[in-house]
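Turn this into a model:
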Amino acid sequence: MKKVKVVYDRDKCISAVTCANLNPELWEMSREDAKANLKGSKKEGDKWVLETELTRYLQMACEQCPADVIEIFDLETGEKLF
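As a prediction, the model looks like this:
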């Protein structure tokens, strides 16, 4: 599987729950502010970042996010995939 870097702008999350429904292995909703949390991620600047393997569920979560706050990059080349 392809190794990727997920970059998530949590501040702009609108709590649509799409990511958590499609990819619960990586996403969960916060009980504190109802925004999504990217499990295992680390904060870099104003974004949350996680290196992981690309799955179709992760891709779907990115593509179907109504706020468009999830980006996926090829870990090796840095190319934006989604």
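
What is the burial count for K43?
When neighbours are defined as other Cβ atoms under 10 Å, K43 has 10 of them. Where you see a C-beta, it was placed from the backbone N, CA and C, and this is true even at glycine.

backbone phi and psi for it, please?
Main-chain torsions, K43, degrees, to the nearest 10: phi -80, psi 130.

Can you name every helix or strand that the longest helix belonging to the chain contacts?
Determined from DSSP state H, the single longest helix within the chain is helix 56-64. With contacts taken as 3 or more Cβ pairs under 8 Å, 6 or more residues apart in numbering; DSSP states H and E, helix 56-64 sits against strand 3-8, helix 18-22, strand 70-74.

and the angle for it with strand 3-8?
Counting by axes from the mean of the first three to the mean of the last three Cα atoms, to 10 degrees, helix 56-64 points 40 degrees away from the direction of strand 3-8.

Quick check: buried residues in helix 56-64?
Within helix 56-64, the residues that count as buried by 16 or more other Cβ atoms under 10 Å are Y57, L58, Q59, M60, A61, C62.

Include distance to E76 when you put those residues into CSV, please.
Shown next, in CSV, are the buried residues of helix 56-64 (distance: Cβ to Cβ, whole Å):
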residue, distance to E76
Y57, 21
L58, 17
Q59, 17
M60, 22
A61, 21
C62, 18
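
residues near G45, how many?
By other Cβ under 10 Å, 7 other residues sit near G45.

Quick check: phi and psi on it?
The phi/psi pair for G45 (degrees, to the nearest 10) is phi 70, psi -120.

Quick check: the gap between it and C19.
Distance, G45 to C19, by Cβ to Cβ, to the nearest Å: 20 Å.
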